[in-house]
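J.: Whatever this is, show me its structure:
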Amino acid sequence: MSRTKTLQGFASAALLMIAPLTWANTYVYVSNANDGTLSSYELSAKGQLQPLATTDAGAGVMPLALSPDRSKLYASIRAKPYSVATYAINPANGALKHLKNANVADSLAYISTDKAGHYLFGASYGEDLISVNAIDAKGVVSDDVRQVIKTGPNAHSIIVDKTNRFVYAANLGSDQYLEFKFDAVSGKLTPLGHIDMPKGSGPRHPVISSDNRFLYLLSEMAGTVTTFAIDPKSGRLNALSEVNAIPADSGLVRGIARPMIKPGQPTPPPLAANLIWAADIKLTPNGRFLYTSERTGSTVSAFSVDGKSGKLSFLQNIKVEQQPRGITVDPSGKWLLVTGEKSPEVGVYAIDPLHGTLARSSSAPSGKGANWVQAVSYP
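T.: Below is the predicted model:
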């Protein structure tokens, strides 16, 4: 081979390494709790959402999660009998095929999987617990509840780190963030300790940087994002910094833990109309920008991320769909999708690739009580 051809080969390989990955098909799924349905869409390269289908799922369908290989969509059904439904995704057209509803420990407010796709983690807000279900060789959640761990009040999320060795769970009502060692063979969680968060902050949802160095935790009642360093050997967390996701001029004040009303219980008196009620947090795939949603003011806040220190810098706060519970960034990193529990639409926002700021691009009809949104792409 000539030297010229060799250099051309190296150049081509380098271009492949730095060129952004392109996707042939991107699909978006939204769970509509009040309708008991899943809405399916196709997301175009220009940020347009094309409705595809509406799938019956079950009353109170809420949290969604993807299998690591992107072949399955999992949906938590939060009305009795509590379950998690497994759907096969057709990568050619985004169609969902229901495979099974598996028994789970309780009504799960958050679900996620381990990195191998062998276990489903769940957090129950109403019953103060986290759980582990086995996932079979075909990627279907099974009735095999491997472990149930009682936590402090209002368990609200559970995720595994990128190494698949450590798991973290938020206790909103007790202001604690729990740390566990995870055995990827047995699925067992072993407590390591916990982080005491500021009183009344209400730790809720996390996201972990792609290099596994930092964990960002959104607190529901304080409206803050705390940056933690992850110890690569022990998995323990060390708080580094904290930023406000709620602008000082918002008129909002610190919130309170929301009660989960069970059948037969009296309805509590209405809460004040100006309480902070933060909901979701997501990173762009390149790790440069982070976004959070807040339901009372119906806004999303944008931050830039310092990859070396993990520090966040506030960029923007914009109005979005009414009562935005769920947000997600599509795999290309170009679009932020926002659902509103009191909005008839799901919104698409363009992410400025240099500055991380958002601009509304398009929308599409959603069902009633739209709350969770998941995007998946196929080459």
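J.: and residue 312, what is it in contact with?
T.: 216, 225, 227, 241, 243, 290, 303-306 (Cβ atoms under 8 Å, 6 or more residues apart in numbering). Heads up, the C-betas are built off the backbone N, CA and C, glycines and all.
J.: tell me the mean pLDDT over stretch 275-285?
T.: Stretch 275-285 shows a mean pLDDT of 98.
J.: got a winner among the contacts of residue 312 for most neighbours?
T.: residue 290 (27 neighbours; other Cβ atoms under 10 Å).
J.: That residue pairs with what?
T.: In this entry, residue 290 is beta-bridged to residue 283, residue 303, by DSSP bridges.
J.: From residue 86, how far off is it?
T.: For residue 290, the distance to residue 86 equals 30 Å [Cβ to Cβ, to the nearest Å].
J.: What of residue 68?
T.: Distance from residue 68 to residue 86, by Cβ to Cβ: 14 Å.
J.: In terms of neighbours, single out the busier of those two.
T.: residue 86 (24 against 14).
J.: doesn't the more buried one fall inside a helix?
T.: No - the assignment for residue 86 by DSSP: H, G, I helix; E, B strand; the rest coil gives strand, which leaves it out of any helix.
J.: Make residue 1 into 28 and carry on from there
T.: Will do, 28 is the new start, and the previous item becomes residue 113.
J.: could you say what helices and strands the helix or strand hosting residue 149 packs with?
T.: Assigned by DSSP states H and E, residue 149 belongs to strand 146-151. Here strand 146-151 touches strand 137-140, strand 156-162, strand 182-187, strand 193-198, going by 3 or more Cβ pairs under 8 Å, 6 or more residues apart in numbering; DSSP states H and E.
J.: Residue 370 is nearest to which of these?
T.: Nearest to residue 370 among the helices and strands packed on strand 146-151 is strand 137-140; the distance by Cβ to Cβ comes to 21.6 Å.
J.: rounded to a whole number, what's the mean pLDDT of the closest one?
T.: For strand 137-140, the mean per-residue pLDDT is 98.
J.: Can you list the strands that it pairs with?
T.: Here strand 137-140 is paired, per DSSP bridges, with strand 146-151 (antiparallel).
J.: what residues does stretch 233-242 touch?
T.: Stretch 233-242 is contacted by residues 184, 186, 188-190, 195, 197, 243-245, 254-257, 259, 264, 267, 308-310, 312-314, 317, 332, 334, 337 when judged by Cβ under 8 Å, 6+ apart.
J.: scratch that, stretch 259-273
T.: For stretch 259-273, using Cβ under 8 Å, 6+ apart, the contacting residues are 188, 190, 192-193, 195, 204, 206, 208, 219-220, 222, 239, 241-242, 245, 250-258, 279, 303, 305, 319, 321, 324, 328, 330, 336-341, 344.
J.: what's the span of stretch 279-297, first residue to last?
T.: 16 Å (Cα to Cα, to the nearest Å).
J.: Which positions within it qualify as buried?
T.: Judged by neighbour count using 16 or more other Cβ atoms under 10 Å, the buried positions of stretch 279-297 are 279, 282, 284-285.
J.: Equivalent analysis for stretch 204-220, please.
T.: Neighbour-count burial for stretch 204-220 flags 204-207, 209, 214, 216, 219 (criterion: 16+ other Cβ under 10 Å).
J.: Next: stretch 344-361.
T.: So stretch 344-361, judged by 16+ other Cβ under 10 Å, has buried residues 344, 347-348, 350-361.
J.: What of stretch 381-393?
T.: By neighbour count on 16+ other Cβ under 10 Å, the buried set for stretch 381-393 is 383, 385, 388-391, 393.
J.: Among those, which one lies nearest to residue 88?
T.: Of those, the one sitting nearest to residue 88 (Cβ to Cβ) turns out to be residue 393, at 12.9 Å.
J.: quick one: which two of the buried residues of stretch 204-220 are the most distant?
T.: Using Cβ to Cβ, the two most remote members of these are 204 and 214, lying 21.3 Å apart.
J.: host element of residue 211?
T.: Counting by DSSP H and E, residue 211 is found in no helix or strand.
J.: Who are the contact partners of it?
T.: Counting by Cβ under 8 Å, 6+ apart, residue 211 touches 141-143, 145-146, 191-192.
J.: Ok, residue 218 next?
T.: For residue 218, the contacting residues are 176, 205-207, by Cβ under 8 Å, 6+ apart.
J.: Just the buried residues of the helix or strand containing residue 55, please?
T.: Per DSSP H and E: residue 55 is located in strand 52-59. Residues 53-59 are the ones in strand 52-59 that count as buried (16+ other Cβ under 10 Å).
J.: For the very next helix or strand once past that strand, give the mean pLDDT please.
T.: Remark: after strand 52-59, the chain's next helix or strand is strand 64-70, criterion DSSP H and E. In this model, strand 64-70 has an average pLDDT of 98.
J.: just the angle between strand 64-70 and strand 52-59, please?
T.: Interaxial angle of strand 64-70 relative to strand 52-59 (axes from the mean of the first three to the mean of the last three Cα atoms, to 10 degrees): 150 degrees.
J.: who does strand 64-70 pair up with?
T.: When DSSP bridges is applied, strand 64-70 pairs with strand 52-59 (antiparallel), strand 76-83 (antiparallel).
J.: Dump those into a markdown table; add distance to residue 157 as well.
T.: Supplementary listing: these in a markdown table, determined by distance: least, Cβ to Cβ, whole Å:
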| stretch | distance to residue 157 |
| --- | --- |
| strand 52-59 | 21 |
| strand 76-83 | 28 |
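J.: Which among these is found nearest to residue 117?
T.: Going by Cβ to Cβ, the one of the strands paired with strand 64-70 nearest residue 117 is strand 52-59, 9.2 Å.
J.: Restricting to C-alpha, output the closest one in CSV.
T.: The C-alpha trace of strand 52-59 is given here as CSV (Å, rounded to 0.1, in the frame of the first residue of the first chain):
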residue,chain,number,x,y,z
ASN,A,52,-35.0,6.6,12.6
THR,A,53,-35.8,8.3,15.9
TYR,A,54,-38.9,7.5,17.9
VAL,A,55,-40.5,9.2,20.9
TYR,A,56,-42.8,7.6,23.4
VAL,A,57,-45.0,9.5,25.9
SER,A,58,-46.9,7.9,28.8
ASN,A,59,-50.4,9.4,29.4
